[in-house]
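Q: Quick check, what structure comes out for this input:
(chains A, B, C and D)
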Protein chains: 2
Amino acid sequence: MGSGQLRGRSGGRPTLEEVAARAGVGRGTVSRVINGSPRVSEHTRAAVEEAVAELGYVPNTAARALAANRTDSIAVVVPEPESRFFSEPYFSDIIHGVGTALADTDMQLVLTFAGGDRERRSLAQYLAAHRVDGVLLVSVHADDPLPDLLQQLEIPAVISGRRSADEPLASVDSDNFAGARAAVNHLLGRGRRAIATITGRLDVYGAQRRLDGYRDALAEAGHRVDEALIAHGDFTEDGGRRAMTELLARRPGLDAVFAGSDVMAAGARQVLREAGRRIPDDVALVGFDDSAIARHMDPPLTSVRQPIAEMGRTMTDVLLAEIADTRPAPARRLTRRQIVLPTELVCRASS
Amino acid sequence: MGSGQLRGRSGGRPTLEEVAARAGVGRGTVSRVINGSPRVSEHTRAAVEEAVAELGYVPNTAARALAANRTDSIAVVVPEPESRFFSEPYFSDIIHGVGTALADTDMQLVLTFAGGDRERRSLAQYLAAHRVDGVLLVSVHADDPLPDLLQQLEIPAVISGRRSADEPLASVDSDNFAGARAAVNHLLGRGRRAIATITGRLDVYGAQRRLDGYRDALAEAGHRVDEALIAHGDFTEDGGRRAMTELLARRPGLDAVFAGSDVMAAGARQVLREAGRRIPDDVALVGFDDSAIARHMDPPLTSVRQPIAEMGRTMTDVLLAEIADTRPAPARRLTRRQIVLPTELVCRASS
DNA sequence: GGGTAGGGTGGGAGCGCTCCCATGTGTGAT
DNA sequence: ATCACACATGGGAGCGCTCCCACCCTACCC
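A: Residues are numbered from 1 along each chain as shown, chains lettered A, B, ... in the order given. Prediction:
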């Protein structure tokens, strides 16, 4: 009786109500079973689960989101400046890690882009509408307004790579400092003495830390740091070429280069080769990221590996914990909010 | 009066109702303005827009999704078999293209993974719940049940790379056949005569088409196709190595290799080098994809470029059109459902 | 002048779910 | 036997929006 109005616009899919009718229980009880509440008798639970199976019931997420005021999804914000980000494996690896961590939950991953002005504006709208429960910020610049917006909106967020030493947001970073130190120590160990470096954009904290590590390793070994051996790139291949050209002009006698990324190392290699320097005989070369480029370069490039997929996974875990904290819960703050993952030097023929 | 109950659980954000009150109009009118309906007078529209601006109103998507039975988001399904997919630039480029196409709309992009069994099951649930308005299927194998599931659920879907010559689903593919022909013709033009090929997994239609193109070009040039010059890889570097080893054993006199992907070409190059063959002097090498690897290989690899980002963009456009078709609309089927985009040979030092 | 379109508008009736309070129903303590 | 309390359960009251029907008013026509 009265089943005429039960089938609504949802395309004929069964509703909670119908499951309840079939199982001979009330709506509330079905809801409890669906959400795994312990306050349901074993017997009733079985009956409901059977009805769910028979009807092929799948909860309507929109209705749930509306009633419970949560979305069960998180966003990954992709900065995408000049699509540089996409050309690097960084992106896919992070996403891969995030996907792995999310596989254990029923959270969904929404990809949002914050490239141009228009995209940033619509992203702000999107966040203001609270269309996601949390946000993963990848590769954010020091002066990006997004983190502040998120804090203001009280949306849980985790950032990859801190913006400064005292990052207020929860963050997951790799140990850029130690990685750079390892690279330089490795070069020193091979008897290199005039070790140059090509930095990334220094408004990226990680790039700064790699430079710090470079300096620290030299200082520790009792070397004076020659500022003319430091050139600034911007993470691009072309930037690597320009920086290498500068370095060669300033210090023709250099015998090693530590580049702040593999891509820049690739650019440097071209310039070195054109200048007739053999690698590693005349100049040893070390990169950072251990990307596919490093393995396929000629000669294969020694590089500092970052556990990027693991960073994605860890970021997600931290974010999920933050989201759980937001909701009424007994214990709080079980996760560290600042995590630094180790890097590792992968030695190949270029050094 | 009665404003006590107006602010609900939504975190204090203004609702349609409040905008209506402020603008001195009814709910329906605000809804019309928000959704750009033409049946609103200019004067009223202005008043509503002012109220929206003053209150900083942003529609609640969950409520809209529930009432209108649509989600304003599409899913990209990532097969992710042994994470091979992620190691290739294919993934990022497709996503990039999709993002570009979506930037003009207010649709969101949800990334879903269909790697393991468990993921596939939860994906099926996800789709059954109609949590997205449409689906982009990337790199699907011939026997994947997903496309059928989607048709059964009547969810609009577009596939990248057909599964067979008569793909029932809407699809966007690159011209693998012509690309392979161009590669082989190029090698023939350089005077190569014993041209081998390393195929990808032949249950991927594109791989089959590349092999077809190889055969066709040779036949057209009046060459008999020597089956011993055909070896099968699986798109991996290791597969490329194994296939190259086989080829060298069977036909030591070969003077060119057309590999079905850059990654396999990289594997082949290693084997060739270990066997003492110089590239391109002894053996010319051509790959497929024109990925970053191709540019950085030594020597730089000649490769067939696919417009991958454009494929992503086109797929999205087709999908959006399909979704629009689903909804009550005047004209139907304005877009072609089977699109093939041209490939292009990029010549470098390896041939 | 009355009749009739039709554009513009208000608001009721849901969409399918969660939250929470009220109502049983059984158990153990008194 | 009586009371209390915990546990299990049903269902009302929303969540904020869209859809759609009814209504009003202003032309415009005969």
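
Q: which other residues reach the one helix or strand residue A:159 maps to?
A: Counting by DSSP states H and E, the element that carries residue A:159 is strand A:157-160. Around strand A:157-160, the neighbours that count as contacts under Cβ atoms under 8 Å, 6 or more residues apart in numbering or on different chains are A:94, A:134-140, A:147, A:150-151, A:167, A:169-173, A:311-312, A:315-316, A:318-319, A:322. Where C-beta positions appear, they are placed from N, C-alpha and C, glycine not excepted.

Q: Mean confidence (pLDDT) on that strand, please.
A: Averaging pLDDT along strand A:157-160 gives 94.

Q: the bottom helix or strand of chain A by mean pLDDT?
A: Using mean pLDDT, DSSP states H and E, helix A:84-87 stands out as the lowest-scoring helix or strand of chain A, at a mean of 58.

Q: Pull the number of nearby residues for residue A:299.
A: Neighbours of residue A:299 under the rule other Cβ atoms under 10 Å in any protein chain shown: 15.

Q: Quick check, it in contact with residue A:280.
A: Yes: the pair residue A:299 / residue A:280 is scored as a contact, 7.0 Å apart, by Cβ atoms under 8 Å.

Q: shared neighbours of the two, anything?
A: In contact with both residue A:299 and residue A:280: A:349-350, using Cβ under 8 Å, 6+ apart.

Q: so where does the residue of the stretch 101-250 of chain A found nearest DNA strand C fall, helix or strand?
A: Nearest to DNA strand C in the stretch 101-250 of chain A, going by Cβ to the nearest atom of the strand, is residue A:106, at a distance of 11.4 Å. Under DSSP H and E, no helix or strand contains residue A:106.

Q: same question, residue A:293
A: helix A:292-296.

Q: Mean confidence (pLDDT) on the helix or strand following that helix, please.
A: Next helix or strand after helix A:292-296 toward the C-terminus (DSSP H and E): strand A:302-305. The average pLDDT within strand A:302-305 is 97.

Q: Pairing partners for strand A:302-305, with directions?
A: strand A:284-289 (parallel), strand A:344-346 (antiparallel) (DSSP bridges).

Q: Go through the ones you listed and pick out the most buried.
A: strand A:284-289 (a mean of 28; mean count of other Cβ atoms under 10 Å in any protein chain shown).

Q: Quick check: the residue of the stretch 151-300 of chain A nearest chain B.
A: residue A:298 (3.0 Å; Cβ to the nearest Cβ).

Q: Go ahead and confirm that residue touches residue B:297.
A: Yes: using Cβ under 8 Å, residue A:298 makes contact with residue B:297 at a distance of 7.4 Å.

Q: re earlier: the residue of the stretch 101-250 of chain A closest to DNA strand C: what's it in contact with?
A: A:72, B:122.

Q: Mean confidence (pLDDT) on the longest helix belonging to chain A, please.
A: Across chain A, the longest stretch assigned as helix under DSSP state H is helix A:308-326. The pLDDT scores in helix A:308-326 average 92.

Q: where does chain A have low pLDDT?
A: Scanning chain A with the threshold set as pLDDT under 70 gives A:1-11, A:80-88, A:327-335.

Q: Walk me through the domains of it.
A: For chain A, automatic domain parsing gives the domain ranges A:3-68, A:73-174+A:309-341, A:176-305.

Q: okay, these, which one's buried deepest?
A: The most buried one of these (mean count of other Cβ under 10 Å) is domain A:176-305, showing a mean of 21.

Q: what's the offset of that one from the middle of its chain?
A: 24 Å (Cα atoms, centre = their mean, to the nearest Å).

Q: Stretch A:48-55 now?
A: 40 Å.

Q: Over to stretch A:313-322?
A: Counting by Cα atoms, centre = their mean, stretch A:313-322 comes out at 11 Å from the chain centroid.

Q: So is that stretch next to chain B?
A: No: Stretch A:313-322 lies out of reach of chain B by Cβ under 8 Å from any Cβ of the partner chain, never closer than 12.6 Å.

Q: which residues touch that stretch?
A: A:74, A:94, A:97-98, A:100-102, A:105, A:107, A:134-136, A:156-158, A:160, A:170, A:172, A:334-337, A:339, A:341.

Q: Now, the residues you listed that are in helices?
A: Short answer: these in helices (DSSP H) are A:94, A:97-98, A:100-102.

Q: Of the contacts of strand A:157-160, which are in range of DNA strand D?
A: Residues of those in contact with DNA strand D (Cβ under 7 Å from any atom of the strand): none.

Q: What sits closest to residue A:116 if chain neighbours are left out?
A: residue B:103 (7.8 Å; Cβ to Cβ, 6 or more residues apart in numbering or on different chains).

Q: correction: residue A:132
A: Residue A:132 sits nearest to residue A:75 (Cβ to Cβ, 6+ apart), 4.3 Å away.

Q: ok, which stretches of the stretch 51-200 of chain A are helices?
A: A:61-68, A:84-87, A:89-102, A:117-128, A:146-153, A:176-189 (DSSP state H, counting those that start in this stretch).

Q: Now that we have the ones you listed, can you turn them into a markdown table and tack on distance to residue A:304?
A: Formatted as a markdown table, the helices of the stretch 51-200 of chain A follow (distance: least, Cβ to Cβ, whole Å):
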| stretch | distance to residue A:304 |
| --- | --- |
| helix A:61-68 | 42 |
| helix A:84-87 | 19 |
| helix A:89-102 | 14 |
| helix A:117-128 | 32 |
| helix A:146-153 | 26 |
| helix A:176-189 | 4 |
